[in-house]
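Undergrad: What follows is a predicted structure for the sequence shown.
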Amino acid sequence: MKTLTFCICLITASLAPAAEKPPCCRETAPTTPLTDKSLYQLDSTWTSDVGKEIKLGVLRGRPQIVAMFFTSCEYACPVIVENMKAIELALPAALRGKVDFLLVSFDVEHDSPAALKAYREKKQLANANWTLLRGREDDVRELAALLGINYQRDARGQFSHSNIISVLNAEGEVSFQQTGLNKDPKETVAALEKLLAVIPGSSTP
Amino acid sequence: MRKSVFISLAAALLGAAALGGSELMPVPAGIYLPLFRGENDLKEIPVARFLLASTAVTNGEFLDFVRANPQWQRSRVKRLFADDGYLQQWSGDTELGSRCTAAQPVTWVSWFAAKAYAAWKGGRLPTTAEWELAAGIGFTREDGAKEPEFKQAIARWYASPSPATLPAAGTGRANLHGLRDLHGLIWEWTSDFNSAIVTGDARGDTGLERQLFCGAGSLGAKDTSNFPAFMRFGFRSSLKASYTVHNLGFRYAKDP
């Protein structure tokens, strides 16, 4: 039991936010094998809003709230981002620094790192825990498939897409999905509380 | 017993060879007219000339692939990339067994597995626009919609239940460009199968399903007589990338 408490402290310490690097640029994640359902098995390379090339695996280690969007979106995406912010706000204070947010663009043509950066500034997305990524068309299609998101470009260059906010656990497995716009964040928050209450390697919830 | 299995396997392999196997055939550039979607959706999608395999990938061909790429063998594949039905018609990781033949199209494969096979062959999966364009080519003319015999042949398949035993790949009648079995054998994965927006769309048009599948709504559709295309649209939109299905396989494409 003592050992367990000790572990909890260690893990809690390692998750503490104190003046941390943004999610893309932290120390390399653990090297234990990924689980069969981990999205971090994807080998694709993505580019962040500061032009840094990363694999999704660098996000391993803490829960991610993930949505797909595009910066020129007029209707749904701003709502999705607001919904993600609402989830962040609804988190108990103790958990707020322990969850990251990830936005991945559908628009491979227009969403350059600079466009993502401008979007981050416009929406005031904190560097500390929000990651904005763009990728190759095939890789975007694949990630969307894994998240169960259908999308299609229309004649005006806008994208129709499913509105899904996914919760990935620390290992990169989809553990909860909120479908549709403007849902009460409480279910997602409950899912996160459950995730963060579980200490990896222990069976007690 | 083992010998007889071997012989039937060999015969099946020979059979596939006798049918000429799969070949990449050029498909001329064209315009794909998507099914009715919404006022802002593209009405025409130009498709550049591309190469498409003349037949669907067979069990025998897929066996070569999993031998060369063990991570795609039944017991090793990650659940993220294929559900637990993956290659269930085979008897083992690298054995087809008696429940299928090498010449039959491979089914029970996920989109990820299909994509990996296509990449291994130096190709890719066809887009939905490419696949539909190719599928619209008639037996004797470019525009199958103007060929009654072609339309009847298609309608016959979509109206009949899938057979208990799949025929061998490549046995269907070739279209004008030498492509076989685009209709009449199996459903096939496309690279952007998840572009079909049926519900939960960004613009919240949950009435779309009604527009597509209800009689009155379909009056607004591009080509109301193309019932099979509606079926394919519905089928694709019901899929997830890790799904495997008993009558869903694939063929690969390549840029010229």
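TA: That came through, no problem.

Undergrad: from here on, contacts and neighbour counts on C-alpha atoms
TA: Noted.

Undergrad: What is the burial count for residue B:132?
TA: 18 (other C-alpha atoms under 10 Å in any protein chain shown).

Undergrad: Tell me the spacing between it and chain A.
TA: Residue B:132 sits 16 Å away from chain A, going by C-alpha to the nearest C-alpha, to the nearest Å.

Undergrad: what's the closest non-adjacent residue to that residue?
TA: Distance criterion C-alpha to C-alpha, 6 or more residues apart in numbering or on different chains; nearest residue to residue B:132, sequence neighbours excluded, is residue B:32 at 7.2 Å.

Undergrad: List phi and psi for residue B:124.
TA: Dihedral angles of residue B:124 (phi, psi; degrees, to the nearest 10) stand at phi -160, psi 170.

Undergrad: Below-threshold pLDDT in chain A: ranges please.
TA: When residues are selected by pLDDT under 70, those of chain A lie in A:1-20, A:27-30, A:198-205.

Undergrad: Which residue ranges of the chain form helices?
TA: Since no chain was named, I'll use chain A. Secondary structure of chain A (DSSP state H): helices at A:2-15, A:76-90, A:93-96, A:113-123, A:137-147, A:186-197.

Undergrad: nope, chain B please
TA: Under DSSP H, chain B gives helices at B:2-18, B:59-68, B:111-120, B:128-135, B:148-159, B:208-213, B:227-237.

Undergrad: interface residues of chain A facing chain B?
TA: A:36-39, A:75-76, A:141, A:145-146, A:148-156, A:159-163, A:179-180 (C-alpha under 8 Å from any C-alpha of the partner chain).

Undergrad: Kindly recompute the last result at 6 Å.
TA: Proximity of chain A to chain B (C-alpha under 6 Å from any C-alpha of the partner chain) is limited to residues A:36, A:37, A:76, A:145, A:150, A:151, A:152, A:154, A:155, A:160, A:161, A:162.

Undergrad: wait, what's in contact with the residue lying closest to residue A:178 once chain neighbours are set aside?
TA: Leaving aside its sequence neighbours, residue A:178 sits nearest to residue A:165 (C-alpha to C-alpha, 6+ apart; 5.1 Å). Taking C-alpha atoms under 6 Å, 6 or more residues apart in numbering or on different chains, we find residue A:165 in contact with A:66, A:67, A:177, A:178.

Undergrad: So residue A:165 versus chain B, what's the distance?
TA: Distance, residue A:165 to chain B, by C-alpha to the nearest C-alpha: 12 Å.

Undergrad: Okay, and the beta partners of the residue positioned nearest the centre of chain B?
TA: Centroid-nearest residue in chain B, with C-alpha atoms, centre = their mean: residue B:188, separated by 1.4 Å. Beta-bridge partners recorded for residue B:188 (DSSP bridges): residue B:249.

Undergrad: do you know how far it is from residue A:150?
TA: Between residue B:188 and residue A:150 the computed distance is 18 Å (C-alpha to C-alpha, to the nearest Å).

Undergrad: ditto for residue A:32
TA: Distance from residue A:32 to residue A:150, by C-alpha to C-alpha: 32 Å.

Undergrad: and the two? which has more neighbours close in?
TA: Legend: neighbour count by other C-alpha under 10 Å for residue A:32 and residue A:150, higher for residue A:150 (25 against 6).
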